[in-house]
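Peer 1: Here's a sequence, model it:
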Amino acid sequence: ILGDKMARLAVDEEDLAQEFGTFDIKLEDEDVVDKLKELCMVYRLDASDMADEWMAFSISNNSANLTMDKLEQFERERASKTKTPKVKKEKQPSVMHDISNINKDYNAEAEDDLLDVYSTPASKGKNKRMLTTPENMTVVNKKLTSVTRSPVVPFSPGSFSPVNATPSQQYSSRTGAGDTVVSYGAQGVKWKGQGADRVAIQQYDRDNALTEKYKHMYYRVIDKSNVLNDVIEDMANQLQQSHSIENLQHVAWPCQEPITVSGRVCCDMSTGRLNAHSVLLEGSRETSAGKTVHLDLSEVTAYSLFPGQIVACDGLNTTGGKLVVSKFYEGVHLPFAEVDESSENLSVPVQVLVAAGPFTPTNSLAYEPLEDLLKYLNRDRPDVCVLMGPFVDSKHESIEKCTVEVPYDEMFKKIVGNLIHATEQLQTHLVFVPSQRDVHHDYVYPQPPFAVDGVNSPRVHFVSDPCTLTINGVVVGLTSTDILFHLGGEETSRGCTDRIGRLIKHLITQQSYYPLYPPSEDVNIDYEHFEQFCRLQTTPDLLILPSDLRYFVKDVLECVCVNPGRITKAQTGGTFARLAIQCPPSPSQDGAERKARCTAAEVVRV
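Peer 2: Sure, this is the predicted structure:
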């Protein structure tokens, strides 16, 4: 038995070489390898843990090299840590609390002292709780109130808002409610649903759809590097085939003749925006060994670039250090999805309402905008209602100051429950899309769908951010992350017009819901899942991109793109969108013009 245990603990030399190779450390001395195996056996470490502990030791000792002397010093320090005596604390007898004795043991002063630890010096006195005394029996501790089962109800019956939420006067006094601010396509459309029972909603690719939570931020640096390199190579191959490029050269290869190269656009400044003088091009491992080269854009009359963009260009690099660009190749977009003639409810027109949060004004936690949206639902009875987060906004001032007494997940469950109940007679399909700003949900991109216990209605759909759906054969792409705003802040361009149009074009031709790299500080990308869930699988017929930028409806590369705006703008009302979509039958003749799947759209003030 002991022999079996020792065999399991044995570390292979190849494993050690691989793990230390991650830190660019080569194991060439056999004595060093044997010593590492011995340390792994003694301290029950695997190859990965051994490499991590050595790097921690090396950094703390002025980047010490891996030698026998240093390994013996490492062993001595490791042994001294292991032998540190532990002081046993005397265990206090446990007490079972119940309703009858919890108030007796509750010490309000002790809780105040604990709260002071988490308070700033300026706020300690201000936030100090007034104690309950015989002279002041009207002051009730809120935490004890809930313990003693007092009839405190956190929500008003039938309301989305906490019971103590004060309505916003600015929102109530808004003007222009119900006005149409943007129109697209056919005019005079009757915005009435045709019957939600004739609507089929499903994932575009069920095998590659994010349907549940996952362990995020566990990937290694080498895994992230592999994903980023794969994106370069995949896009470079598409550009090469689309433009019939014979060969792609090394980006830093000095040559007296014009060459064609491909890679990822980077910025050579650690801070600040990309500009015409700070553009780098990073090649792939296959063609350029990951090298970078400066780009001279002085001879290019028109371009639009952002960090993370995969491009192909012609230029002259006589020294190997700077490529003078003469031409950028047009990006390539994926083909549209083929119409499945056997699809359920194909060609049935669908009325879709789209609204993006936050659903409360910044100065109130009253969900009045959401209640007003229900009035439109009852009036127009759309077939599908797409609601995109944030639902419980982490940037709301009450949440930032931690003055909300209701658990955040309870607030969201109340919203979902009331929406389902309010739309039972309408039979409208409800699609919930999470947001990075939802304080009660996983703060990662791609973001898994919400999980709400007890909700199993076939007309309620919890989807991920981002996701690609089909609604009666129409392919719809959705992401609640404000990629347009992030791209607009990092892009540099020359000789280009229609800023919104070219930002959307970047998404389509880069074949990604979030092509920006490095990402915004507000977005935590898990690159192990990015390639599978954040890349476009096809060019969608309809792309919904809620943003803080001005609302719009635009046709870009035959894809209708919609920014419904936010349903609230600071302390007043915002906008939402309503769309009429229909998948026409496939054209009977080759080369026939492709008909738009979104026949009409409007952006309306709430």
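
Peer 1: which secondary element of this structure has the worst mean pLDDT?
Peer 2: helix 142-147 (a mean of 39; mean pLDDT, DSSP states H and E).

Peer 1: C-terminal to that one, which secondary structure element comes first?
Peer 2: helix 169-172 (DSSP states H and E).

Peer 1: In terms of secondary structure, what does the next helix or strand after that following helix contact?
Peer 2: Downstream of helix 169-172, the next assigned helix or strand under DSSP H and E is strand 180-185. In terms of contacts (3 or more C-beta pairs under 8 Å, 6 or more residues apart in numbering; DSSP states H and E), strand 180-185 is packed against strand 552-556, strand 598-605. C-beta coordinates here come from the backbone N, C-alpha and C atoms, glycine included.

Peer 1: neighbouring strands for the next helix or strand after the first one, and are they parallel or not?
Peer 2: Yep, that's strand 552-556 we're talking about. Next in sequence after strand 552-556, counting helices and strands by DSSP H and E, comes strand 559-563. Using DSSP bridges, strand 559-563 pairs in its sheet with strand 542-544 (parallel), strand 552-556 (antiparallel).

Peer 1: Of those strands, which stretch is the most buried?
Peer 2: Mean neighbours per residue, mean count of other C-beta atoms under 10 Å, is largest over the strands paired with strand 559-563 for strand 542-544, with a mean of 24.

Peer 1: Regarding Met41, what is its secondary structure?
Peer 2: Three-state call for Met41 (DSSP: H, G, I helix; E, B strand; the rest coil): helix.

Peer 1: can you count the residues close to it?
Peer 2: 13 (other C-beta atoms under 10 Å).

Peer 1: Can you tell me how far it is from Ser288?
Peer 2: 42 Å (C-beta to C-beta, to the nearest Å).

Peer 1: Kindly report the same for Phe160.
Peer 2: Using C-beta to C-beta, Phe160 is found at 54 Å from Ser288.

Peer 1: looking at the strands paired with strand 559-563, which is closest to Ser394?
Peer 2: Of all the strands paired with strand 559-563, strand 542-544 sits nearest to Ser394, with 21.8 Å by C-beta to C-beta.

Peer 1: Can you pull out the residues in contact with that closest one?
Peer 2: 354, 386, 388, 474-479, 504, 507-508, 559-562, 564, 577, 579, 581, 597-598 (C-beta atoms under 8 Å, 6 or more residues apart in numbering).

Peer 1: same thing but at 6 Å, please
Peer 2: 354, 476-478, 559-562, 598 (C-beta atoms under 6 Å, 6 or more residues apart in numbering).

Peer 1: In TSV, list those along with distance to Thr67, neighbour count and pLDDT.
Peer 2: Below are the contacts of strand 542-544 laid out as TSV (distance: C-beta to C-beta, whole Å; neighbours: other C-beta atoms under 10 Å; pLDDT from 0 to 100):
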residue	distance to Thr67	neighbour count	pLDDT
Val354	63	28	98
Val476	60	27	97
Gly477	55	24	97
Leu478	56	23	97
Cys559	60	23	96
Val560	64	24	96
Cys561	60	25	97
Val562	63	26	97
Cys598	67	23	92
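
Peer 1: neighbours around Asp340, how many?
Peer 2: By other C-beta under 10 Å, 12 other residues sit near Asp340.

Peer 1: To clarify, my last question referred to Glu38.
Peer 2: Residues near Glu38, counting by other C-beta under 10 Å: 13.

Peer 1: Looks to me like it is in a strand.
Peer 2: No. Using three-state DSSP, the assignment for Glu38 is helix, not a strand.

Peer 1: Spit out the contact partners of it.
Peer 2: By C-beta under 6 Å, 6+ apart, no residues touch Glu38.

Peer 1: remind me which residues of the stretch 351-500 of the chain are low pLDDT?
Peer 2: For the stretch 351-500 of the chain, applying pLDDT under 70 flags no range at all.

Peer 1: can you give me the strands for it?
Peer 2: Using DSSP state E, counting those that start in this stretch, the strands of the stretch 351-500 of the chain run over 384-388, 429-433, 460-462, 467-471, 474-478, 492-494.

Peer 1: Let me have the ones you listed in JSON lines, extended by distance to His486.
Peer 2: Output for the strands of the stretch 351-500 of the chain, formatted as JSON lines (distance: least, C-beta to C-beta, whole Å):
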{"stretch": "strand 384-388", "distance to His486": "16"}
{"stretch": "strand 429-433", "distance to His486": "18"}
{"stretch": "strand 460-462", "distance to His486": "25"}
{"stretch": "strand 467-471", "distance to His486": "19"}
{"stretch": "strand 474-478", "distance to His486": "17"}
{"stretch": "strand 492-494", "distance to His486": "14"}
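
Peer 1: most packed of the ones you listed?
Peer 2: strand 384-388 (a mean of 26).

Peer 1: Using PDB, write out every CA atom in that one.
Peer 2: This file holds the C-alpha atoms of strand 384-388, laid out as PDB (Å, rounded to 0.1, in the frame of the first residue of the first chain):
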ATOM      1  CA  VAL A 384     -41.300  38.500 -27.600                       C
ATOM      2  CA  CYS A 385     -40.000  40.900 -24.900                       C
ATOM      3  CA  VAL A 386     -36.200  41.000 -24.600                       C
ATOM      4  CA  LEU A 387     -35.000  42.500 -21.300                       C
ATOM      5  CA  MET A 388     -31.200  43.200 -21.000                       C
END
